[in-house]
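my questions are about this predicted structure, shown below with the sequence.
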Amino acid sequence: MTATVSNFHYGAVTPVAAYLMACLGAGLGLRCTTRSLRRPQHRAGWLALGAISIGCGIWTMHFIAMIGFSVQGALVNYDVTKTLLSLGVAIVVVAIGVFLVGYRGGSPLNLGVAGLITGLGVAAMHYLGMAAIHTDGGLHYDTRAVALSVVIAVAAATAALWAAVSVHGLWSSVGASLVMGVAVTGMHYTGMAAVSVHLTGGAPAVQSSTTLLSFLLVMLAAPFAILLIAAVIVMFDPDMMLGDKEADRVAPAPQGVGGDGYGGGDHYNAGGDTYGTGHSTGWGNGYPSQQPAQPSNPSSTW
């Protein structure tokens, strides 16, 4: 017997909350990658924080949405090991994509490879999380809907990675994160539309919503705390709030160079007399200029 499946047991609360968490993770990830490009000496740390933020955002979105999942006449429980493993998969695959574009750039080939790896990984995270479900029956999937969800995941991942290396302004990042939230949440509900549950028989069971909700909230506590910590880091780092134009405005001006690679027109003083050199012996690469030695007799005239 095919059971009635609902993804909106609590109405619009769960999809809206899931979408907001996806946007939060995406927004934090974009700001962290912006910071990594401005501070290359700390690039690995910022990229790692960005990957963790995006991965936790996607995973948190998934399981907040799963709070609204119910099967009429059947109990729904989750395997803890598979649930936690799906979180690890989300973070690892996002990290692969973020580090690829963070260190190798946003060329079409690199974006395509990174987006494919990350998108397939996000889809794997989703279906691994679905495999963690234990119910009084078997879960079956519509092949076309599954394929569509994977395509959406790859497209969303590629767009997210492109935005990570291309979108640096604060409000641009906010807009990009809102779009990415739609894509990631849409991927989830497309995958959920592929699910049907065939009950194995027996008397209908009544699900204790309190028990299931408590379990999911406990599982969500750690990644949600990680997102809050990342948000605090972003909020208290002033450079993270700068866009490209602002960063260029406050950046130190490069040292000028003459036509022959030397700084022009330097002078030095020897015994009170000023002598023009015609050019400086200081190189234009940032090393300090070396001044000619002063004459030993200050009163002598050259």
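Right, received. Where do you want to start?

I'd guessed residue 216 sits against residue 78; true?
Yes - under the criterion of CB atoms under 8 Å, residue 216 makes contact with residue 78 at 7.5 Å. Using the backbone N, CA and C atoms, a C-beta is placed for each residue, glycine as well.

for the stretch 51-200 of the chain, which segments count as helices?
Along the stretch 51-200 of the chain, counting by DSSP state H, counting those that start in this stretch, helices occupy 80-104, 108-131, 143-166, 170-193.

out of those, nearest to residue 31?
Among the helices of the stretch 51-200 of the chain, the nearest to residue 31 by CB to CB is helix 170-193 (5.9 Å).

now the closest one, how far from the centre of its chain.
If you compare the mean C-alpha spot of helix 170-193 with that of the full chain, they lie 12 Å apart, counting by CA atoms, centre = their mean, to the nearest Å.

give the buried residues for that helix.
By neighbour count, and taking 16 or more other CB atoms under 10 Å as the criterion, the buried residues in helix 170-193 are 170, 172-173, 176-177, 180-181, 183-188, 190-193.

now the angle between helix 108-131 and that helix, please.
Computed by axes from the mean of the first three to the mean of the last three CA atoms, to 10 degrees, the angle separating helix 170-193 from helix 108-131 equals 50 degrees.

for helix 170-193, output the C-alpha coordinates as CSV.
As requested, the backbone C-alpha atoms of helix 170-193 are provided in CSV (Å, rounded to 0.1, in the frame of the first residue of the first chain):
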residue,chain,number,x,y,z
LEU,A,170,28.3,43.3,0.4
TRP,A,171,24.9,43.9,-1.3
SER,A,172,25.9,41.8,-4.3
SER,A,173,26.7,39.0,-1.9
VAL,A,174,23.4,39.3,-0.3
GLY,A,175,21.6,39.2,-3.6
ALA,A,176,23.6,36.2,-4.7
SER,A,177,23.0,34.3,-1.5
LEU,A,178,19.2,34.8,-1.9
VAL,A,179,19.3,33.3,-5.4
MET,A,180,21.6,30.5,-4.2
GLY,A,181,19.1,29.8,-1.3
VAL,A,182,16.3,29.4,-3.9
ALA,A,183,18.4,27.0,-5.9
VAL,A,184,19.5,24.8,-3.0
THR,A,185,16.1,24.7,-1.4
GLY,A,186,14.5,23.9,-4.8
MET,A,187,16.9,21.0,-5.3
HIS,A,188,15.8,19.6,-1.9
TYR,A,189,12.1,19.8,-2.6
THR,A,190,12.6,18.4,-6.2
GLY,A,191,14.3,15.4,-4.6
MET,A,192,11.6,15.0,-2.1
ALA,A,193,9.0,15.1,-4.9
